[in-house]
Every structure is written in structure tokens, then in C-alpha cells.
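> just need the structure, nothing else, for what follows:
(one chain, ligands or ions: 1)
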Amino acid sequence: MKRVFSGVKPTGHLTLGNYLGAMRRWSTVDQHRADSLFCVVDLHALTVEHDPGRVRRLSHQAATLLLAAGLDPQVCTVFVQSHVDEHARLSYLLECVATDGEMRRMIQYKEKASAERDRGGSVRLSLLTYPVLMAADILAYGTDEVPVGDDQAQHVELTRDLAVRFNQRYGHTFVVPRATHPEVAARVMNLQEPTSKMGKSDDVGPGIVYLLDEPAVVRKKIMRAVTDSGQDVEYDREARPGVSNLLEILAACEGGNPEALAGVYESYGSLKKDTAEAVVELLRPVQQRHKELCADPAYVEGVLRDGAARAREMARPTVDGAYRAIGL
Ligand code: ADP
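Next up, the predicted model:
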């Protein structure tokens, strides 16, 4: 059986982008066809300005939402990264095969480092080494596939490079994983700035739909989405990013294809209205289940405790094997 690993960062409230780009497939497809692990990667949240108490709360909230989105702890492993020491143990070894040049080339590093500097802050070393820890997250489990949105493609590519390099230098130790992306909505864009990704770490804004937004809020955000000049509903991500983003979201919700949907609509207004309703319906069961789970925080804690114990058992042989391969 294939091994699948993926994760979310508790840097903010989870968004429609996280759900359509990753979480929905984890629950509907991946957990049923593979031996899969889904992780709240809290150590990654420490790479940028953070309030420790908030990271803890957001980690619990993210785990609750993963379960609300349909991850079933009977068939997959749900856990928090910092509960399993093997990630940090392996990350150090991988830092010894990675180079600073390849880290500095990472697009997310460049974007986040410059945002941090613009805010007058300093750039943490961990922001630079973040992709190495991510590689450790993936390689520790002998992962075959990493289902992610396409913003993570470059990091998974780096993970592959590090695995191959380590194997060549020290002998076969790691499975070389590959990224998988959804066919539609692999990159959901901000509704107000459709040329940038809908990212949860951005400030709360009208361009981001959060999974826990009330239906009225979802409707308002989508109805006020920026559209492009021109009247026709056309699918063209370059020339018509706003309308194309709505078409992708609608197609992802309804299972269609954005080009075909473009032909169905004659006005931006009706496209927005249908997209808003489709998103409200998509989120309804997740929000309902989230409410139930919130009434039982001890259940979520128990799932995370069991998940960490299972994950530790799975990671230890690979990480011990990596130390042995080096001769330590
Ligand atoms: P964020 O950018 O929201 O902090 P994470 O790094 O926690 O995202 O990503 C969790 C998963 O959600 C990853 O697989 C990532 O590729 C996916 N994802 C995040 N934002 C989007 C988006 N706007 N569209 C599609 N997928 C996304």
C-alpha cells in the first residue's frame, strides 16, 4: 500500500484554499487508498512572528478541522509535528546534505523574507531552513506521495533532491516521494487580489474565505470579489484572473471544468451568486461536524495522542536508519 503524507501549518485559520487544494482530497481519496498521515506542522509556524499560545490554539483548531473535513482516525493517522521528535532529528541530518544556495532560491522564502523585512522584522534562520524540515516530515515516513496545492511543488521537488543526494552519498535510505495536485483549484486565489494566493497567514481580509465563515460572510466575500474589466465570462487565468478564480472555485465545488462552466454564464453577477451558494453548501457539513467536535475537545486530544504514538513508531526505523547510514 502506498504511503501518503501531508500537512497544514497552524499560522492562521484554515481557508477555502487549504480545503480545495489539499484537505478535501485527503479525506475523500487519499485516506481510503493509502496508508496516510496528516500532520499539523506546528514547528513550521515558529518560522515567522508568532504568539506561542496562539500557535497552540490554532494547532488544536486545525486538527479539529481536519477531523471535521472527514479524516477518520480509524483509517489514517492525524497528529501534531512537535509531538514526534523524529522530525527535528532527521531535519538536522538533511541540513547536512542541503546547501544554503538551494534554500535561498525557494520562492516562498524570498516572498516571506521580504514581507518580514518590510514589516521591519528580522528573518529567522528557521524560515530559510523550513523546506529542510518539510523534507524531514515527508522522508521520515517513507512517503510515496505528497498531496498538496501547487504552491508546495517547489518544496516537494527539493525534498526529492535531498532524498536522492542522501541515498547516493550514504546508501539507500529514503523513498523518493512525488507531489500530487488536484486537477482543479490547485491554487485558489485571493478574492480581492486574484493574482496572489488565498493564504491563511495573510491578515484577515475580505479576499479570504475561511472554513468557519458563516454563510452570510461567505456570500458577502464572494459577491464582492474583484472581477476583471470586460463583460464576458471567460476562463483565462492570465488575462482574467478574477473571473477565472471564481470559475475554478465553482468547478471544484461542483465537480465540473472551469472552461465548460464559462460558457454557461452570461454575467459576473450570476456566476458569483452560484459560486457563493456552492461554497456555502460545500462548507456546511464541515462546519456542522466542527461544531460537534468542539463540544468534545478531549476526543480531539485523544486522537492526537494516539496519532503521535503511531507516527513515532512509523518514523523511528527510517530516522534511526539515516543515522546508521551516516555511521553515527
Ligand atoms: P497556507 O499557505 O494557507 O499557510 P499551508 O502551508 O498550511 O498553507 O498549506 C496546507 C495545504 O494547503 C498545502 O497542501 C497547500 O499547498 C494548500 N494550500 C494552501 N493555500 C492554498 C491555495 N490558496 N490554493 C490551493 N491550495 C492551497
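
> can you name the residues that contact residue 245?
Contact analysis of residue 245 by Cβ atoms under 8 Å, 6 or more residues apart in numbering lists 188-189, 191, 194, 225. Where C-beta positions appear, they are placed from N, C-alpha and C, glycine not excepted.

> please redo it, this time with the cut-off set to 7 Å
Residue 245 makes contact with 188-189, 194, according to Cβ atoms under 7 Å, 6 or more residues apart in numbering.

> go on, residue 109?
Contact partners of residue 109, counting by Cβ under 7 Å, 6+ apart, are 103, 127-128.

> okay, those residues in TSV with distance to residue 307 and pLDDT next?
Below are the contacts of residue 109 laid out as TSV (distance: Cβ to Cβ, whole Å; pLDDT from 0 to 100):
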residue	distance to residue 307	pLDDT
103	30	97
127	27	97
128	29	98
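
> just give me the closest of these to the ligand.
residue 127 (13.0 Å; Cβ to the nearest ligand atom).

> the residue nearest to the closest one when sequence neighbours are not counted: neighbour count?
In space, and not counting its chain neighbours, residue 127 is closest to residue 47: 4.4 Å by Cβ to Cβ, 6 or more residues apart in numbering. Residues near residue 47, counting by other Cβ atoms under 10 Å, number 21.

> residue 47 and residue 129 touch, don't they?
No - using Cβ atoms under 7 Å as the test, residue 47 is too far from residue 129 to be in contact (8.4 Å).

> just the closest of the contacts of residue 245 to residue 182, please.
Closest approach to residue 182 among these (Cβ to Cβ): residue 188, at 10.1 Å.

> so the closest one versus the ligand, what's the distance?
Distance, residue 188 to the ligand, using Cβ to the nearest ligand atom, to the nearest Å: 4 Å.

> now do residue 9 against residue 283, distance only.
20 Å (Cβ to Cβ, to the nearest Å).

> neighbour count for the two, which is higher?
Taking neighbours as other Cβ under 10 Å, residue 9 and residue 283 compare with residue 9 leading, 26 against 23.

> what residues are up against that one?
If you count contacts by Cβ under 7 Å, 6+ apart, residue 9 has them with 41, 44-45.

> what's the domain layout of the chain?
Split into domains by automatic domain parsing, the chain comes to 3-181+297-326, 215-291.

> format those domains as TSV; extra columns: distance to the ligand.
As requested, the domains of the chain are exported to TSV (distance: least, Cβ to the nearest ligand atom, whole Å):
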stretch	distance to the ligand
domain 3-181+297-326	2
domain 215-291	9
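
> got these as TSV, with distance to residue 206 columns?
Listed next are the domains of the chain as TSV, based on distance: least, Cβ to Cβ, whole Å:
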stretch	distance to residue 206
domain 3-181+297-326	13
domain 215-291	6
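
> against which helices or strands is the longest helix seen in the chain packed?
Secondary structure of the chain per DSSP state H: the longest helix is helix 297-326. For helix 297-326, the elements it packs on are helix 52-68, strand 77-80, helix 86-95, judged by 3 or more Cβ pairs under 7 Å, 6 or more residues apart in numbering; DSSP states H and E.

> related to what we said a few turns ago, most neighbours of all the contacts of residue 109, which one?
When neighbours are taken as other Cβ under 10 Å, the top entry among the contacts of residue 109 is residue 127 (20 neighbours).

> got the angle between the helix or strand hosting that residue and helix 297-326?
Assigned by DSSP states H and E, residue 127 belongs to helix 125-139. Orientation check (axes from the mean of the first three to the mean of the last three Cα atoms, to 10 degrees): helix 125-139 against helix 297-326 gives 90 degrees.

> tell me the buried residues in helix 125-139?
127-139 (16 or more other Cβ atoms under 10 Å).

> remind me what that helix packs against, helices and strands.
strand 3-8, helix 86-95, helix 100-104, helix 107-118, helix 153-170.

> from the middle of its chain, how far away would it be?
Using Cα atoms, centre = their mean, to the nearest Å, the distance from the centre of helix 125-139 to the centre of the chain it belongs to is 14 Å.

> go on, stretch 15-34?
Counting by Cα atoms, centre = their mean, stretch 15-34 comes out at 9 Å from the chain centroid.

> what does it contact?
1-4, 6, 8, 36, 38, 66, 69-72, 75-76, 145, 147-149, 182, 185-188, 197-198, 200, 208-211, 249, 252, 279.

> equivalent analysis for stretch 80-98, please.
Contacts with stretch 80-98, where a contact means Cβ under 7 Å, 6+ apart, come from 39-43, 59, 63, 129, 132-133, 135-137, 139-140, 162, 165-166, 169, 304, 308, 311-312, 315-316, 319, 322, 326.

> buried members of these into PyMOL, please.
To isolate the buried ones among the contacts of stretch 80-98 in PyMOL, judged by 16+ other Cβ under 10 Å, type:
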select buried, resi 39+40+41+42+43+59+63+129+132+133+135+136+137+139+140+162+166+304+308+311+312+315+319+322
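
> gap between residue 192 and residue 222?
11 Å.

> the two: who's more crowded?
Relative neighbour count places residue 222 above the other of residue 192 and residue 222, with 24 against 16, counting by other Cβ under 10 Å.
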